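Colleague: build me a structure from this.
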Amino acid sequence: MKSTMHLILAAALAFTIAGPSASAADKSEVDAKKEKKARLECAAGNFREGVRLLAELWMDTKDPTHIYNQARCCEQTAQNDAAVSRFCEYLRKAGPLQPHDVKAIEKRIEDLERKPAGAAAHGHLDADAGDRIPSRGSVGASTNACRCVR
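Modeller: The predicted structure follows:
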């Protein structure tokens with residue numbers, strides 16, 4: 001009886017310990033699949049679906065990189081006003097960025113604002129565009145420097 005009780009207790013403890021890490025791994029795998037699907041949708045020109053998937057990822061993770069990727073998806077599919085809005089939101093949510101990263105994003109915003117509606121930012125869409133996502137958490141320019149806050 002005692003050994004049965006010990007087995008049950010050990011099994012319950014093992015399940016409790018393994019449970020959260022297994023679900024965290026599953027969640028990470030689901031997020032990775034969702035991110036891949038979002039990239040595919042953006043590259044295929046289906047910006048609404050790509051942006052929607054990235055919004056879900058943002059809500060699930062609170063990682064502002066997903067907001068940046070929304071902006072890139074909009075930019076790649078010539079949704080210039082939406083791209084500007086998402087880049088500004090990224091600058092607000094990302095926290096401190098390197099000054100050169102802020103300047104690069106602000107340049108993208110300026111370029112997008114100069115383009116006529118529907119003009120593509122880049123001639124060709126690539127799911128792995130290779131754009132460097134600005135690093136967060138570094139000492140540098142405040143996001144208040146963004147002219148987006150109007």
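Colleague: quick one: contacts for Cys73?
Modeller: Residues in contact with Cys73 (CB atoms under 8 Å, 6 or more residues apart in numbering) are 38, 41-42, 47, 50-51, 54. Yep, even glycine has a C-beta here, placed from its N, CA and C like the rest.
Colleague: how near is it to Ala25?
Modeller: The spacing between Cys73 and Ala25, counted by CB to CB, to the nearest Å, is 27 Å.
Colleague: what about Ala104, which helix or strand?
Modeller: helix 99-114 (DSSP states H and E).
Colleague: make that Lys37, sorry
Modeller: Going by DSSP H and E, Lys37 is in helix 2-43.
Colleague: what mean pLDDT does the following helix or strand past that helix have?
Modeller: Note on helix 2-43: by DSSP H and E, the next helix or strand toward the C-terminus is helix 47-61. Averaging pLDDT along helix 47-61 yields 96.
Colleague: which residues touch helix 47-61?
Modeller: 27, 31, 34-35, 37-42, 63-64, 66-67, 69-70, 73-74, 76-77, 79, 82, 86.
Colleague: any of those residues buried? List them.
Modeller: Neighbour counting over these (16 or more other CB atoms under 10 Å) leaves 31, 34-35, 38-39, 41-42, 64, 66-67, 69-70, 73-74, 76-77, 79, 82, 86 as the buried ones.
Colleague: can you verify Asp63 is assigned to a helix?
Modeller: No: using DSSP: H, G, I helix; E, B strand; the rest coil, the assignment for Asp63 is coil, not a helix.
Colleague: that one - nearest residue in space that isn't next to it in sequence?
Modeller: Closest residue in space to Asp63, ignoring its immediate chain neighbours: Leu57 at 7.3 Å, by CB to CB, 6 or more residues apart in numbering.
Colleague: circling back: helices or strands up against the helix holding Ala104?
Modeller: helix 65-76, helix 80-93 (3 or more CB pairs under 8 Å, 6 or more residues apart in numbering; DSSP states H and E).
Colleague: closest one to Arg108 among the ones you listed?
Modeller: helix 80-93 (6.1 Å; CB to CB).
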